[in-house]
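# the sequence and its predicted three-dimensional model are supplied below.
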Amino acid sequence: MCRLIILRGNSGSGKTTIAKELQRKFGSNTLLISQDAIRREMLMVSDGPDTPAIPMLKELLQYGKTHCETVILEGIMVADWYRPLFELAKELFGKNIYAYYFDIPFEETLKRHKTRAKSSEFGEEAMREWWVEKDYSDVLDETTITADKDKDTIVQEIYGSIK
């Protein structure tokens, strides 16, 4: 039975780091879908309510449901804009969705961003422009992840609750 892990939150909150570590722990046949990779690298499109990335993300969710044991979907994915994607996820995966929202203060995301390789691509001004406070989804039943937990604790808690 295929399961879906969704990691959402503002830029610099740690989603990608956690997603990669979870993919490593779950191992073979784990599909990692990164919103940034699809939107910025593959399609080179802007984010927004009608981003052309959503249809591709939907296709990848369908592929993952059919061919993989675990699918990890990670990205900022503003709740209102990505509602159709979350609705499809619920349709495909039902109760096998483990959704997490990274509710990390702006100052902490900025600090974390400065340690990333892509920190030179954008800075504080862009991050403030993208910032959405408490962007909880009304489609997903999300568990909140806060700044008081380190990477290893988050990975262990997510992995332990699913495995």
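Yep, it's here.

# and residue 99, that one's in a strand?
Yes: assessed by DSSP: H, G, I helix; E, B strand; the rest coil, residue 99 belongs to a strand.

# which strand residues bridge it?
Beta bridges link residue 99 to residue 6, residue 142 when assigned by DSSP bridges.

# which residues touch it?
5-6, 8, 137, 140-143 (Cβ atoms under 8 Å, 6 or more residues apart in numbering). For glycine as for every other residue, the C-beta is placed from the backbone atoms N, C-alpha and C.

# repeat that for residue 149.
residue 157.

# pretty sure it sits in a helix.
No: looking at residue 149 with three-state DSSP, it is coil, so not inside a helix.

# out of the contacts of residue 99, which are buried?
Buried by 16 or more other Cβ atoms under 10 Å: 5-6, 8, 137, 140, 142, out of those.

# which one's the longest helix in this structure?
Determined from DSSP state H, the single longest helix within the chain is helix 53-67.

# give me the element residue 72 is part of.
Using DSSP states H and E, residue 72 sits in strand 70-75.

# C-terminal to that strand, what's the next element?
Counting by DSSP H and E, what follows strand 70-75 is helix 83-93.

# re earlier: how about the buried ones among the contacts of residue 99 in JSON lines, adding pLDDT and distance to residue 84?
JSON lines is the format used below for the buried ones among the contacts of residue 99 (pLDDT from 0 to 100; distance: Cβ to Cβ, whole Å):
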{"residue": "5", "pLDDT": "98", "distance to residue 84": "19"}
{"residue": "6", "pLDDT": "99", "distance to residue 84": "14"}
{"residue": "8", "pLDDT": "98", "distance to residue 84": "15"}
{"residue": "137", "pLDDT": "98", "distance to residue 84": "12"}
{"residue": "140", "pLDDT": "98", "distance to residue 84": "13"}
{"residue": "142", "pLDDT": "98", "distance to residue 84": "17"}
